Structures are given as C-alpha cells and as structure tokens.
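**Student:** below are the sequence and a predicted model; questions follow.
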Amino acid sequence: MFTHTLMKPSYFVNDRLYLRAVEPEDLQVLYAIENDPQSWDISNFTVPYSKYVLKQYIENSQCDMFADKQLRLMIVRKSDRQVLGTVDITDFVPLHARGEVGIVIRKEFQRNGYGKDALTLLCDYAFGFLYMKQLAAHIIADNEASLHLFESCGFVRCGLLREWWCIGGSFKDVVLMQRLRL
C-alpha cells in the first residue's frame, strides 16, 4: 500500500493572512514603515530612507535568503489584500542555521492577532522548510506587547543586554529571545 506524508499546502498562508515577497507596489508602505522615527528606536538606522533607495532595494533583492542573507516578507490580510506590515529574517548565517527575526505591524492594524499569525507562519517556514536551527530576537525590556508576542510563538528569554539601545537619549535594556528547532 502506498503511503505518503501530507505536505503543507503553503508555509505562507493561514485563514486570515498571507506572507509574500516585496513587490514594486509596496514602495509607499515600505517608505512609511522605514521612515517612522519610532521604528528607528529598535533598529540601527537613524536617518530616513529615500524612495529611490527603497526602490533599488526592491529591484535588487534576489528574494533568496542564501544570497541576500535576509528575507523580508509583506504581511497581507486575505479579505481585502491590505498590507499590514512586514516580517523579516535578518543576519542569516547558513553555516549555523540561524537568523534574527523582526516584525512590524502598522499602527492601525496592531492588537488584532496579525503579528502572532505572521510570526507563526514565518517560524513554520524557517523550521519546517529551511530547517533552520534557531531564530533570535532583540526586544526592549519594557515592550510587554512584543515580549508577549514572541513568547506566544515559542520564543524564550535567554539573556538580558544591559543598556543596549539608546532611545530618546536614555539607554534601555534589551531582552534576547530565542526559539530552537527541536
């Protein structure tokens, strides 16, 4: 008798949203996300991106995590194809099968469970298809919403980086979170 394992139809879709590659029509959304000064607090960027630079990024991305050493996906609501935000794997190191995760949900769509849906899909893809060993995230210690989000998706607190990020002129502690493929 023939038996087979059911393959997941797509790592990038659930009942409410889907993840997809960045498209040229995402330029305006990326421009808004990348140029939000509140996002700068949790990244290493301190100046705005021009539309020209973002357009080049979109055009030059090979959409190949092994070539780009990162993966950026747009989070899209199925019901109306509204772009909700982005989810990323950055600092991908194939030798060690690890990367760092970042997620941005646009303000008007926060607190609706979209972040958990997107992060769950990304983790399923990273562990189930790419066979990555681990994902990590850096989260400001007083960002309870983000800490809860990552914990709800199986990440555990594994370290504290004291006064790691300077935000608004004061230094903040950062929680290092990690999820391992078991």
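**Tutor:** Looks like it arrived, so ask away.
**Student:** please count neighbours and contacts with C-alpha atoms only from this point.
**Tutor:** Fine.
**Student:** can you give me how far stretch 50-66 is from the chain middle?
**Tutor:** 16 Å (C-alpha atoms, centre = their mean, to the nearest Å).
**Student:** repeat for stretch 56-71
**Tutor:** 15 Å.
**Student:** same question, stretch 14-25
**Tutor:** On C-alpha atoms, centre = their mean, the centre of stretch 14-25 falls 13 Å from that of its chain.
**Student:** in that stretch, what's buried?
**Tutor:** 17-19, 22 (16 or more other C-alpha atoms under 10 Å).
**Student:** state the mean pLDDT of it.
**Tutor:** With pLDDT averaged residue by residue, stretch 14-25 scores 94.
**Student:** show me what the longest helix anywhere in the chain is packed up against.
**Tutor:** Longest helix in the chain by number of residues, with DSSP state H as the criterion: helix 114-128. Contacts defined by 3 or more C-alpha pairs under 8 Å, 6 or more residues apart in numbering; DSSP states H and E place helix 114-128 against strand 17-21, strand 83-93, strand 98-105, helix 144-152.
**Student:** that one vs helix 144-152, what angle?
**Tutor:** Relative orientation of helix 114-128 versus helix 144-152 (axes from the mean of the first three to the mean of the last three C-alpha atoms, to 10 degrees): 40 degrees.
**Student:** could you shift the numbering so residue one becomes 43, and keep it that way?
**Tutor:** Right, with 43 as the first residue, what we last looked at is helix 156-170.
**Student:** next helix or strand past helix 156-170?
**Tutor:** strand 176-182 (DSSP states H and E).
**Student:** can you list the strands that that following strand pairs with?
**Tutor:** Within its sheet, and counting by DSSP bridges, strand 176-182 is paired with strand 140-147 (parallel), strand 212-222 (antiparallel).
**Student:** and the longest helix of the chain, what's buried?
**Tutor:** Applying 16+ other C-alpha under 10 Å to helix 156-170 flags 156-169 as buried.
**Student:** gap between Arg119 and Tyr60?
**Tutor:** 7 Å (C-alpha to C-alpha, to the nearest Å).
**Student:** thinking again about what came up before, out of the helices and strands packed on helix 156-170, nearest to Asp78?
**Tutor:** Closest approach to Asp78 among the helices and strands packed on helix 156-170 is made by strand 140-147 (10.9 Å; C-alpha to C-alpha).
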